[in-house]
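S.K.: Here is my input, please return the structure:
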Amino acid sequence: MRPVMLSAIRPAAALVSVDGFGGLVRLALVVVVCTGLAAAINHWGHLGHGRDDILAALRACVQLGVVGLLIFAVLKSWWLTLGFITLMLSVASLTAGRRLNRHGAWWLATAPVALGAVPVAVGLLLSGLIPRQPIAVVPIVGILIGGAMTATTLAGRRSLDALRTRHGEYEAGLSIGLLPRDSALLIARDDAALALVPGLDQTRTVGLVTLPGAFVGMLLGGASPLQAAAVQLVVLVALLLVQSIAVLVTVELVARGRFGTRQVGRSFMST
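M.R.: Coordinates of the predicted model:
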């Protein structure tokens, strides 16, 4: 089977024009305006994330700039590529873990993130569909890690919220002889599964509502529509698998009391 190439020899077009000083000024203006409006709307609507919007945009500017400077060196060496992938896994685990265990063992989030992304990425490489080249591996693995991180965060937060707000049902499960883990799963599983909805909707409506980044990037890079569609299809179905694994592992960890602030009751603390 001929590998699906993820990069073209030369770009056919640019999605965003930043040529020259004028292009950079327009870029900076758009970033400032969009970020400022997002922060203002958050503040006006009492959504609580106005400051987070600004900090996230600043981090994105710095991180993308650094990655842009380093990526060519990274892609020339498999050792550097593996190191970069390890860094992505670490940052994703830290981000998800701090959302679920801000003052606790955040590193436990490594389990759902890594167990979701790594086996699926290895499977894609072994299938021969994806070229075994750093320039192909890095973006695919990055997308899978990002999907696992998002699914872990959403599933964990939804599970913990369900256990806090429906703690009486959890106690009722214990009263009829259920083990703490089983009672917690009974309450948290359905809410955790909601983390799968965005990925399902994206897959159902791809090409009709949105044209995802991998598809557009392939077309702009000069690939044929069939190649672009093949790459996007691989990414979407792989993400479904990654997110399913991440959610399953996350809800199991929550049910065993490994995540959260332990404010759901003494009986849940003992799991």
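S.K.: Could you count how many residues lie near Thr35?
M.R.: Thr35 has 18 neighbouring residues, counting by other Cβ atoms under 10 Å. Bear in mind the C-beta positions are built from the backbone N, C-alpha and C, glycine included.
S.K.: list the contacts for it?
M.R.: Residues in contact with Thr35 (Cβ atoms under 8 Å, 6 or more residues apart in numbering) are Asp53, Ile54, Ala57.
S.K.: Which members of those residues occur in strands, if any?
M.R.: Using DSSP state E, the subset of the contacts of Thr35 located in strands is empty.
S.K.: and which of those is nearest to Thr205?
M.R.: Taking Cβ to Cβ as the measure, Asp53 is the one of the contacts of Thr35 closest to Thr205, at 26.3 Å.
S.K.: Distance-wise, check the closest one relative to Leu154.
M.R.: For Asp53, the distance to Leu154 equals 19 Å [Cβ to Cβ, to the nearest Å].
S.K.: for Ala255, same thing?
M.R.: In terms of Cβ to Cβ, Ala255 sits 16 Å off from Leu154.
S.K.: Same question for His43.
M.R.: Taken as Cβ to Cβ, the span from His43 to Leu154 is 24 Å.
S.K.: Neighbour count: the two, which is higher?
M.R.: Under the neighbour definition other Cβ under 10 Å, His43 and Leu154 were set side by side, and Leu154 has more, 23 against 14.
S.K.: For the more buried one, which non-adjacent residue is closest in space?
M.R.: Ala195 (3.6 Å; Cβ to Cβ, 6 or more residues apart in numbering).
S.K.: So Leu129: helix, strand or coil?
M.R.: coil (DSSP: H, G, I helix; E, B strand; the rest coil).
S.K.: Repeat that for the one 3 residues further on.
M.R.: Classification of Arg132 into helix, strand or coil gives coil, according to three-state DSSP.
S.K.: wait, isn't Asp182 in contact with Gly173?
M.R.: Yes - if you go by Cβ atoms under 8 Å, Asp182 and Gly173 touch, sitting 7.1 Å apart.
S.K.: For the protein, which segments count as helices?
M.R.: Here the chain has its helices, by DSSP state H, at 20-44, 50-74, 78-100, 110-127, 134-165, 167-175, 180-193, 197-205, 213-220, 225-255, 266-269.
S.K.: Mean pLDDT added to the ones you listed, as CSV?
M.R.: Below are the helices of the chain laid out as CSV (pLDDT from 0 to 100):
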stretch, mean pLDDT
helix 20-44, 85
helix 50-74, 83
helix 78-100, 90
helix 110-127, 93
helix 134-165, 91
helix 167-175, 85
helix 180-193, 88
helix 197-205, 87
helix 213-220, 69
helix 225-255, 88
helix 266-269, 44
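S.K.: Run through who's touching stretch 155-163.
M.R.: 96, 99-100, 109, 112, 170, 184, 187-195, 246-247, 250-251, 253-255, 259-261, 264, 268.
S.K.: Return the members of the residues you listed classed as buried.
M.R.: Listed as buried from the contacts of stretch 155-163 are 96, 99-100, 109, 112, 170, 184, 187-189, 191-193, 195, 246-247, 250-251, 253-255, 259-260, 264, 268; burial here means 16 or more other Cβ atoms under 10 Å.
S.K.: burial measure for the closest residue to Leu108 other than its chain neighbours, as a count.
M.R.: Once flanking residues are discounted, Leu108 sits nearest to Arg258: 5.3 Å by Cβ to Cβ, 6+ apart. Arg258 is flanked by 18 other residues according to other Cβ under 10 Å.
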